[in-house]
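1. Sequence and predicted model, in that order:
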Number of protein chains: 2
Amino acid sequence: MLENKDTSKTDISTLGEFGLIEHLTKQFKVQHKATLKGIGDDAAVIESKDPMVVSTDLLVEGVHFDLSYMPLKHLGYKAVVVNLSDIYAMNAIPMQITVSIAVSNRFPVEALEELYAGIATAAKAYSIDVIGGDTTSSTSGLFISITAIGHAKKEDIVYRDGAMDNDLLVVTGDVGGAYLGLQVLEREKQVFKVNPNSQPDLDPYTYLIERQLKPEARKDIVQLLIDLDVKPTSMIDISDGLSSEILHLCKSSKVGCNLYEEKIPLDPQVISSCEEFNLDSTTIALSGGEDYELLFTVKQSDFTKVKANPHLTIIGHMTPEKEGVHLITRANTKIPLIARGWNPLEND
Amino acid sequence: MLENKDTSKTDISTLGEFGLIEHLTKQFKVQHKATLKGIGDDAAVIESKDPMVVSTDLLVEGVHFDLSYMPLKHLGYKAVVVNLSDIYAMNAIPMQITVSIAVSNRFPVEALEELYAGIATAAKAYSIDVIGGDTTSSTSGLFISITAIGHAKKEDIVYRDGAMDNDLLVVTGDVGGAYLGLQVLEREKQVFKVNPNSQPDLDPYTYLIERQLKPEARKDIVQLLIDLDVKPTSMIDISDGLSSEILHLCKSSKVGCNLYEEKIPLDPQVISSCEEFNLDSTTIALSGGEDYELLFTVKQSDFTKVKANPHLTIIGHMTPEKEGVHLITRANTKIPLIARGWNPLEND
C-alpha cells in the first residue's frame, strides 16, 4: 500500500506543495470560537482570556512507529492523541493542533489521505481544531510533528512540581498494555515473514493491540477531577513508563516515593500475556511506556474522594526527598526505582 | 565536523534522551512575563489577554538545507528566523517558540550544541523564550520543527485576505539576494569538490551569502507601521518568492494586481551577480524565495506615509479580480504572473 509502484496511485509531486496542503487540509473546519483563524494564512490566530498550554512531539518512522504493522490511519490518530495527553496532564482542555509532516516520495497521495483521515478522526473525537502545519518532502521516511494547544484557568493548571510529602500517588486506568501490544505485533511480524499465509488469532490480545495501535488520551479525567472536587498537587502523563514518570514527579517536586507493587493496576490480558511471553508484569508496568494514562498526586485529605473510583487507583504515597524513590514489592522488600523507560535515542 | 568519527566527540546516546534535552536547553531562561512556564513540564504555559498567533515550519536536511555549506549555528539561527517571519507577517510580536529536532547518530553532541547555540543567538536577538520541544533520533538526516507563538491586539492583526482594488502593493527591503547567495555557495561547493585547496574570493557576494545563511526577519516593520500610522490591508512574508506571495495575497483577497518590473527593489550585488551568472534579475526577484521580507498592501490614502520611507518600496497596485495578476515590464508589456517559487515537493 505504501510503496508507490502501483500506477493507479497519485504521486505527491503532481499536486505541488500548496496543492497537497490544500487537498489534505480542506476537510478541517474550525469549530471553536477561540480559533479566530485556522489554516490559510501565515499563522493561525487564537483568542483566550485564560492561559494557553503548549506541547509538541516529533514522531519518526523507524524510531517511534513501524509502518509494517501500524496502519497510517491509526498512526495519524495516535500522533494526535499522544500530544493531547500532554495537555490533559496539565489539567487543561486541548482545543487546537498544528500538524507538520515530511514524507519521502514513496508515499502516494492516497497514503497521506489515510494519515490525515486518522488525524481528522482524532480531531473530531477530541473536539480539536487543526489550525495549521507544514507539508514537505523528506529524503527518507515519514516524520510527524504536532503541536497541541490547550486552555485552562490559571488556578486549575497542575504542574509536575507540586507534590508534597504524604501526598497519595494515583494512576488512571491500567498500565503495561501498550508495550505488550507491541510485543504481540512484533511477534506476528516475524511469523508473517516466515509464513505470509499464516492467520494469526489475535483475539486474546485485542485490548493490548488497541492500547498500542489506537491509544486514547484521558480527556475524561479533567472533568472527573472537577466532579470529585479534587485538584491534584502534581500531574504527568505516562508516555515513557510508570517508573520514569514517577521519577520525573519526584525530581520536579523534590520528594521521594513509595510505590506498592501489589497496587499497580493491570488488565487481565496483561497478566496472561506476561505469562505467555515469560515477562515479569511489574517490570512491564514500570517500564513499558505508551499507556497515555495520567499519574498524579493528591492530598491525604482527598483519600475518600478518590479511593473507590473505578478510573483511579492509589498506588503509593510521597515521602521526604532524602528517603528516595522505592518500589515496595509483594514480599515487602524495598527496591530503588530506576528509569528503565524506553529511550528513543538508544534505538538507532 | 559532522561525522562522529572523531573519538573526542561525544556520542548523543551517552546522554540519553532526557539528559540530552536538559543539556541542550538549560541555557534557555524565560524572559517574558507572559511565559508562566517554559521547558520542564508536560507543556508550557503562556498567558495573554490579546490573541495569540501560531505558526509552524519543518526543515529537512537535503531538502531545505545542505550542511556542506550551511554551518549548524547558522542553521539554528535561520530555522528560528523563518518562523518569526510568519509571525511578523501577521503584524504580531513573536515571544515564544518550541523547537523539536530529530537527528541521526552521525551527529555528535558537539554538533547539536552548535545548532542550539544558533537557536539561542536568534532567541536573544529577537527576545524569544524557548518554551519546549522534543529531541529524538532519526534514521537519517536532521529535521527541525519549530512552532512560533506571537501576540497582537485583535484589531492590529493583518491577514492575507484584506487587500482591495486600488490598494498599493509594498515590499520591505530588497529581493532576490538569498537565492543568488545559494547559487554562489553551490558554485563554490562544486569548485571545492574539484580543488579542495582553492581559496574562493567571496567579497563580491557578502550580502548575498548573508541573505542565504543568516537571514533576518523584519521585526522592525511592526514598529515602523505604528510610527507611520499605517495599518496594512493585507500582509504576507516572502519565503517562496515575490510572485508566489503576490498570487497568495490576490487569491485570498479576491483581487488582481499590476506589479511594475522597474519598481522591484534589487541590491547592487543582485544586479551584478545576475549579470555574472547570466540570469534575469526580474526572474530571480520573482521566483528566488527565502528573502523573508514582508509584502503588504495599504490604502491609496496612505501613499504619502509610505512613499519616501527607505525600508519600503511601492511596487504595484491591486486591481479588480477579473483583471488578473500581471507583471508590467520595463517595455510596458503585460505578462501574466505565475508562481514559479521553489517547490520543496519537487526536490526529491
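-> Now that the structure is in, tell me what you want to look at. Numbers count the residues shown, from 1 in each chain, chains lettered A, B, ... in the order given.
2. So residue A:83 sits against residue A:147, correct?
-> Yes: here residue A:83 lies in contact with residue A:147, judged by CB atoms under 8 Å, at a distance of 7.3 Å. C-beta: built from backbone N, CA, C; applies to glycine.
3. so what sits against both of those two?
-> Residues touching both residue A:83 and residue A:147 (CB atoms under 8 Å, 6 or more residues apart in numbering or on different chains): A:55, A:56, A:97.
4. The last one in helix, strand or coil?
-> The three-state label for residue A:97, taken from DSSP: H, G, I helix; E, B strand; the rest coil, comes out as strand.
5. Could you report the neighbour count for it?
-> Neighbourhood size, residue A:97 [other CB atoms under 10 Å in any protein chain shown]: 29.
6. and chain B, which of the shared contacts of residue A:83 and residue A:147 reach it?
-> Applying CB under 8 Å from any CB of the partner chain to those, one finds that A:55, A:56 fall near chain B.
7. Residue A:121: which of the shared contacts of residue A:83 and residue A:147 is nearest?
-> Nearest to residue A:121 among the shared contacts of residue A:83 and residue A:147 is residue A:97, at 13.1 Å by CB to CB.
8. what pairs with the closest residue to the closest one other than its chain neighbours across the strands?
-> What sits nearest to residue A:97 in space, not counting adjacent residues and going by CB to CB, 6 or more residues apart in numbering or on different chains, is residue A:148, at 4.9 Å. Going by DSSP bridges, residue A:148 is paired in beta bridges with residue A:55, residue A:97.
9. wait, isn't residue A:148 in contact with residue A:92?
-> No: with contact defined as CB under 8 Å, residue A:148 does not count as touching residue A:92 (9.7 Å).
10. Need the overlap of contacts for these two.
-> Shared contacts of residue A:148 and residue A:92, defined by CB under 8 Å, 6+ apart, comprise residue B:43.
11. Name the SS class of residue A:180, please.
-> Applying three-state DSSP: residue A:180 is helix.
12. Show me where chain A has its strands.
-> Applying DSSP state E to chain A gives strands spanning A:35-37, A:44-46, A:52-60, A:93-103, A:129-137, A:142-151, A:168-172, A:234-237, A:255-260, A:294-298, A:312-320, A:325-328, A:334-336.
13. Just put the ones you listed in TSV and tack on distance to residue B:213 and mean pLDDT.
-> Shown next, in TSV, are the strands of chain A (distance: least, CB to CB, whole Å; pLDDT from 0 to 100):
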stretch	distance to residue B:213	mean pLDDT
strand A:35-37	32	95
strand A:44-46	29	96
strand A:52-60	25	95
strand A:93-103	22	96
strand A:129-137	20	91
strand A:142-151	24	96
strand A:168-172	49	98
strand A:234-237	40	98
strand A:255-260	48	98
strand A:294-298	45	98
strand A:312-320	51	98
strand A:325-328	47	95
strand A:334-336	50	93
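14. Turn those into a markdown table, including distance to residue B:250.
-> Formatted as a markdown table, these follow (distance: least, CB to CB, whole Å):
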| stretch | distance to residue B:250 |
| --- | --- |
| strand A:35-37 | 19 |
| strand A:44-46 | 21 |
| strand A:52-60 | 33 |
| strand A:93-103 | 25 |
| strand A:129-137 | 21 |
| strand A:142-151 | 30 |
| strand A:168-172 | 51 |
| strand A:234-237 | 45 |
| strand A:255-260 | 60 |
| strand A:294-298 | 48 |
| strand A:312-320 | 56 |
| strand A:325-328 | 61 |
| strand A:334-336 | 65 |
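15. Can you say which of these is nearest to residue B:32?
-> strand A:52-60 (13.4 Å).
16. Give me the angle between that closest one and strand A:93-103.
-> Strand A:52-60 and strand A:93-103 are oriented at 30 degrees to each other (axes from the mean of the first three to the mean of the last three CA atoms, to 10 degrees).
17. could I have strand A:52-60 exported to CSV, CA atoms only?
-> Only the C-alpha atoms of strand A:52-60 are listed here, as CSV (Å, rounded to 0.1, in the frame of the first residue of the first chain):
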residue,chain,number,x,y,z
MET,A,52,-2.7,28.6,27.0
VAL,A,53,-0.8,25.4,27.4
VAL,A,54,1.5,24.3,24.6
SER,A,55,3.1,20.9,24.0
THR,A,56,4.9,19.4,21.0
ASP,A,57,6.0,16.0,19.8
LEU,A,58,8.0,14.7,16.9
LEU,A,59,7.4,11.1,15.7
VAL,A,60,9.9,9.4,13.4
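18. what separates that strand from the chain centre, distance-wise?
-> 11 Å (CA atoms, centre = their mean, to the nearest Å).
19. Give the other helices and strands that it contacts.
-> Contacts defined by 3 or more CB pairs under 8 Å, 6 or more residues apart in numbering or on different chains; DSSP states H and E place strand A:52-60 against helix A:72-88, strand A:142-151, strand B:44-46, strand B:93-103, strand B:129-137, strand B:142-151.
20. Residue B:308 is nearest to which of those?
-> strand B:93-103 (26.0 Å).
21. How far off centre is the closest one?
-> On CA atoms, centre = their mean, the centre of strand B:93-103 falls 14 Å from the chain's centre.
22. what's the answer for stretch A:73-91, then?
-> 5 Å.
23. ok, and the closest non-adjacent residue to residue A:335?
-> residue A:327 (4.7 Å).
24. Contact partners for the one you found?
-> So residue A:327 contacts A:243, A:259, A:260, A:261, A:282, A:286, A:334, A:335, A:336, A:337 (CB under 8 Å, 6+ apart).
25. Compare the residues you listed and tell me which is most surrounded.
-> The most crowded member of the contacts of residue A:327, judged by other CB under 10 Å, is residue A:286 (26 neighbours).
26. how about the nearest residue to that one, chain neighbours excluded?
-> Distance criterion CB to CB, 6+ apart; nearest residue to residue A:286, sequence neighbours excluded, is residue A:243 at 4.1 Å.
27. Can you check which of the helices and strands packed on strand A:52-60 gets nearest to residue A:32?
-> The minimum distance between residue A:32 and those falls on strand A:142-151, with 9.1 Å, by CB to CB.
28. quick one: that closest one to strand B:93-103, angle?
-> For strand A:142-151 against strand B:93-103, the angle by the same axes, to 10 degrees is 140 degrees.
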